[in-house]
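Student: Here is a sequence together with a model predicted from it:
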Amino acid sequence: MQRYFISRLGQSALLLIGVIILVFFMVRVTGDPARLMMPREASAEDLEAFREVMGFNRPLYVQFLDFFSGAIVGDFGDSLHFKTPALQLVLERLPATVHLAGIALIFALIIAIPIGLIGGFNPGSVVDTLGRGLALAGQSIPNFWLALIFILFFAVRLRWFPSFGRDEWHSVVLPATVLGLPVMGQIVRLTRSAVLEIRGEDFIRTAYSKGLEPRTIYIKHVFRNVAIPLISVIGVQFGYMLGGSIYIETIFSWPGMGQLIEQSIGWRDFPLIQAIAVFTSVVVLGLNLITDLTYAFIDPRIRYGSS
Amino acid sequence: MAVHDTQRQADSLLDVEQSIKDRFAYIGRLLWRDKSGVVGLIFFLTVVVAAVFTSLIAPLDPLAQDLRASKMPPAWSEGGNWDHPFGTDNLGRDIFTRVIYGARVSLTVGFFGVLIAGVLGMVIGSIAGFIGGRVDSTIMGIINLILSLPYLLFVVFIAAILGRSLLNVILIFGITDSPIFARVTRGEVLRMRDSGYVESAISAGARWPRIIFDHILPNLIGPLITLATFEMSAMIFYEAGLGFLGLSVPPSVPSWGNMLAAGRKYLTSYPWIATLPGLAIVWTSLGMNLLGDWLRDVLDPRLRRSRK
């Protein structure tokens, strides 16, 4: 377990270094980061002055070492738009995004797990058909389009929920529903196939043959095994929602990180975008790490297997 | 005698799929049995027809503005007429025509994006799978790095840097999506390399080209076609998303994402400007996902999608 923990931790650290390298070179692929970040009508003197201030006229390896040593301790320089430290701006937006993604995830789990379980136990039933429809809808309907439809119907016509902002307690309902729908579909699919697979396992047949109550079998043998793939997917889905929130937060004017990404692209505020990219990657890598470790903790096959 | 019988039995089993005509008939029967696959195919074909015969279906000019006829509602609602079946947008351009033209952009991005991702992925995945060892672990390390990133965020990031053009969008999706193809290819290659039939082909003295073209490629095609269908659907989806953020093809090009982005401003008063182009994305995506589900069942029941 300890060895697995250490190797997994080292792997995450390597991935993080990879992300920082990637983010550094991405703003330089066009050759001139100054031209990328400055307005198109900027004069040659302005560009030169900007290069001087940003240090873009230094040798590449000096720039890289500078960026890297800053990024490791969370210093991405100042935002071009706000003139304040970029990471701080990202952190200010974090609670709103966690609020939105958290509610979306809870909402998705509460609806998806029962549907997936029932569907897995009764393939072809009404609930199962509903679940498969939900999975297909989540996969096929773009959330930026669904968000517009929801605003038209629930906010403009029915006036049940506000269509933008985060001021009221029920402001979160529409954006969280839209953000959670694809996740819901995925979890229904996963739960259903996990139940179907586990139901056919030898140990379930053994449990039946030794005369256990079906209820006991469901709870003690099936549910506990379904939980394993579920845990592994929750972390991934949460990371996915951080990306998906770009559209949702933009459309619903939700003051989180997704909205900040959209805004900073409009401002061509690349130091801020770099900070968001690295920060989000850290969150996603961290979630993956926690997921894998939880997984190993629950599933002895991984704990004792090869590391 | 017994040997001879077994031989004949084996041949007759193979006969089922021997001629190309029989093979198509077989696939047709399989398709017909799964009605959702038929629906998916029909949905997808309508989009292909729209993209290929664009100017025949939509004779109007997608860029022609007519400010006197702007913001006309669709034909089925009050005030609309069949000159503009889906109504007109804020500049008086015919939305139906633009939706049909949008199919071109979406399918071009989806098709070439998947082509690049598929070819790149197959080459990288095969190299990793065949050579193994340190090459394999390095390649897989990079692939795992890319797959563990928040995908959408990085696509948006790159698109913002490279600027709006069709070629850039295709290249972005083609390159960022290749790791998935590489991973599937590598997995299949590894599985096949250790399988009995490749081993027996080697021991029968077959050379590598023959093993690759006769034994490995045919077995790779199934899973890769299934994957390609899902990935093409995802790319069409993401292209529209980039367009919605103003990061895909230039604003003058009638694409579904651009239309959604432009129509958003008029959402509450003239909703059809945004909702109808969005419906085209749902239509395409639904069709391709149904088709993909069916292909997965028919071609390769083992493949499971790993990322969305």
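Tutor: All right, it came through fine.

Student: ok, which stretches of the chain are helices?
Tutor: Chain wasn't specified; assuming chain A. When assigned using DSSP state H, the helices of chain A occupy the ranges A:2-26, A:33-37, A:44-54, A:60-72, A:86-121, A:126-140, A:143-150, A:173-199, A:202-209, A:214-216, A:224-251, A:257-266, A:270-298, A:300-304.

Student: Chain B, not that one
Tutor: Going by DSSP H, chain B shows helices at B:2-15, B:20-33, B:35-52, B:54-57, B:95-131, B:133-148, B:151-162, B:166-193, B:196-203, B:208-210, B:217-244, B:256-264, B:272-299.

Student: check contacts around the closest residue to residue B:265 other than its chain neighbours.
Tutor: Spatial nearest neighbour of residue B:265, chain neighbours left out: residue B:90 (7.8 Å); criterion: C-beta to C-beta, 6 or more residues apart in numbering or on different chains. Just so you know, the C-beta spots here come from the backbone N, C-alpha and C atoms, and that holds for glycine as well. Neighbouring residues of residue B:90 by C-beta atoms under 8 Å, 6 or more residues apart in numbering or on different chains: B:70-71, B:262-263, B:265-266, B:270, B:273.

Student: Pick out the most distant pair among those.
Tutor: B:70 and B:265 (13.3 Å; C-beta to C-beta).

Student: For the contacts of residue B:90, pick the one with the most neighbours.
Tutor: residue B:273 (28 neighbours; other C-beta atoms under 10 Å in any protein chain shown).

Student: give me phi/psi at the residue nearest to residue B:265?
Tutor: Recorded main-chain torsions at residue B:90 are phi -60, psi -20, according to degrees, to the nearest 10.

Student: From residue A:48, how far out is it?
Tutor: For residue B:90, the distance to residue A:48 equals 41 Å [C-beta to C-beta, to the nearest Å].

Student: what's the answer for residue A:106, then?
Tutor: 52 Å.

Student: Repeat that for residue B:162.
Tutor: Distance from residue B:162 to residue A:48, by C-beta to C-beta: 24 Å.

Student: re the thing from before, export the helices of chain A to CSV and tack on mean pLDDT, mean neighbour count and distance to chain B?
Tutor: What follows is the helices of chain A, written out as CSV (pLDDT from 0 to 100; neighbours: other C-beta atoms under 10 Å in any protein chain shown; distance: least, C-beta to the nearest C-beta, whole Å):
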stretch, mean pLDDT, mean neighbour count, distance to chain B
helix A:2-26, 87, 16, 5
helix A:33-37, 83, 18, 6
helix A:44-54, 85, 13, 16
helix A:60-72, 89, 14, 15
helix A:86-121, 91, 20, 12
helix A:126-140, 89, 19, 4
helix A:143-150, 91, 24, 3
helix A:173-199, 90, 23, 6
helix A:202-209, 88, 12, 20
helix A:214-216, 84, 10, 28
helix A:224-251, 84, 21, 3
helix A:257-266, 90, 23, 5
helix A:270-298, 87, 20, 5
helix A:300-304, 67, 12, 17
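
Student: Include distance to residue B:199 when you put these into a markdown table, please.
Tutor: Output for the helices of chain A, formatted as a markdown table (distance: least, C-beta to C-beta, whole Å):
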| stretch | distance to residue B:199 |
| --- | --- |
| helix A:2-26 | 32 |
| helix A:33-37 | 53 |
| helix A:44-54 | 59 |
| helix A:60-72 | 47 |
| helix A:86-121 | 38 |
| helix A:126-140 | 39 |
| helix A:143-150 | 48 |
| helix A:173-199 | 29 |
| helix A:202-209 | 30 |
| helix A:214-216 | 45 |
| helix A:224-251 | 33 |
| helix A:257-266 | 51 |
| helix A:270-298 | 34 |
| helix A:300-304 | 28 |
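
Student: Return the member of the helices of chain B having the minimum mean pLDDT.
Tutor: Lowest mean pLDDT within these: helix B:2-15, at a mean of 47.

Student: List, one by one, the residues from the stretch 201-308 of chain B near chain A.
Tutor: Residues of the stretch 201-308 of chain B that fall close to chain A, judged by C-beta under 8 Å from any C-beta of the partner chain: B:233, B:237, B:240-241, B:244-245, B:247, B:260, B:264, B:267-268, B:271, B:274-275, B:278-279, B:281-282, B:285-286, B:289-290, B:307-308.

Student: ok, the residue in the stretch 201-308 of chain B positioned nearest to chain A - contacts?
Tutor: Residue nearest to chain A within the stretch 201-308 of chain B (C-beta to the nearest C-beta): residue B:278, separated by 3.4 Å. Applying C-beta under 8 Å, 6+ apart to residue B:278 gives the contacts A:142, A:144-145, A:148-149, B:256, B:260.

Student: how is chain A carved up into domains?
Tutor: Here the domain parsing of chain A from automatic domain parsing is A:2-72, A:93-266.

Student: of all the contacts of residue B:278, which two lie farthest apart?
Tutor: Pairwise over the contacts of residue B:278, using C-beta to C-beta, the maximum falls at A:149 and B:256, 15.0 Å.

Student: picking up where we left off before, would you mind measuring from the residue nearest to residue B:265 to chain A?
Tutor: Remark: distance between residue B:90 and chain A (C-beta to the nearest C-beta, to the nearest Å) = 16 Å.

Student: just checking, residue B:121 touches residue B:184?
Tutor: Yes. The pair residue B:121 / residue B:184 is scored as a contact, 7.5 Å apart, by C-beta atoms under 8 Å.

Student: Looking at the two, which one has more neighbours?
Tutor: Neighbours per residue, other C-beta under 10 Å: of residue B:121 and residue B:184, the larger number sits with residue B:121, 27 against 22.

Student: mind listing what residue B:61 touches?
Tutor: residue B:97.

Student: So which residue is dead centre in chain B?
Tutor: Per C-alpha atoms, centre = their mean, the C-alpha nearest to the average position across chain B is that of residue B:232, at 1.7 Å.

Student: any idea how far residue A:143 is from residue A:243?
Tutor: In terms of C-beta to C-beta, residue A:143 sits 11 Å off from residue A:243.

Student: Sorry, slip of the keys, the one I care about is residue A:206.
Tutor: Between residue A:206 and residue A:243 the computed distance is 43 Å (C-beta to C-beta).

Student: Might one say that residue A:79 is in contact with residue A:270?
Tutor: No. Residue A:79 is not in contact with residue A:270 according to C-beta under 8 Å; the separation is 9.6 Å.

Student: which neighbours do these two share?
Tutor: Common neighbours of residue A:79 and residue A:270 (C-beta under 8 Å, 6+ apart) are residue A:264.

Student: what's the closest residue to residue B:113 other than its chain neighbours in contact with, if anything?
Tutor: The shortest distance from residue B:113 to any non-neighbouring residue, by C-beta to C-beta, 6+ apart, is to residue B:173 (3.7 Å). Applying C-beta under 8 Å, 6+ apart to residue B:173 gives the contacts B:109, B:113, B:116-117, B:155, B:235, B:238-239.

Student: and which of these is nearest to residue A:54?
Tutor: Within the contacts of residue B:173, the smallest distance to residue A:54 is 25.1 Å, found for residue B:155 (C-beta to C-beta).

Student: my read: the closest one touches residue B:235, true?
Tutor: No. Applying C-beta under 8 Å, one finds residue B:155 not in contact with residue B:235, separated by 10.1 Å.

Student: Good, we can wrap up now.
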